[in-house]
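below is the sequence, then the predicted model.
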Amino acid sequence: MGSGFQEFLVELFEPVGGVGFRKMFGGIGIFRDGLMFALVADDTLYLKADDNTAIDFKAEGSGPFVYDGKDRPVVMQYWRLPERLYDDPDEFREEYNRNRLTIPNWQSFKQRRINVWLTSARPWIA
């Protein structure tokens, strides 16, 4: 990661532990336990949200991540992190944990990924 904002994100997520960053589509995907729960585009952090947490983000003046699709703009279920959370590490961790719990079936999704990996064809295995 190169920019000052990216270095700031490493510090911001450090107390959460186990978080990885991967360059994707001109931005950055943020992962934990093999699941992408946040993204960065144009030095803006977006957290994955469900319908309930999206309402909370909207109430704080945040907006969803939108990109230009082939025919129309595409709205994703990632919402811009409210500004107040950048300055308070404890509140940030609380918001992270709350959002992590809203990701549908976090545990079952992890297990499904493991099961797919275990059962998928691997030509290199004899």
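Arrived safely, thanks for sending.

against Phe65, how distant is the nearest residue to Asp68 once chain neighbours are set aside?
Distances taken as CB to CB, 6 or more residues apart in numbering place Val74 nearest to Asp68, at 7.6 Å, with adjacent residues excluded. All C-beta spots, glycine's among them, are computed from the backbone N, C-alpha and C. Separation of Val74 from Phe65 (CB to CB, to the nearest Å) stands at 9 Å.

which residue is the nearest non-sequential neighbour of the residue nearest to the spatial centre of the chain?
Taking CA atoms, centre = their mean, the centroid of the chain lies closest to Ala38, which sits 1.3 Å from it. Nearest non-adjacent residue to Ala38, counting by CB to CB, 6+ apart: Ile30, 3.9 Å away.

next, count neighbours for the nearest residue to Gly26 once chain neighbours are set aside.
What sits nearest to Gly26 in space, not counting adjacent residues and going by CB to CB, 6+ apart, is Ala41, at 7.4 Å. Using other CB atoms under 10 Å, Ala41 has 18 neighbouring residues.
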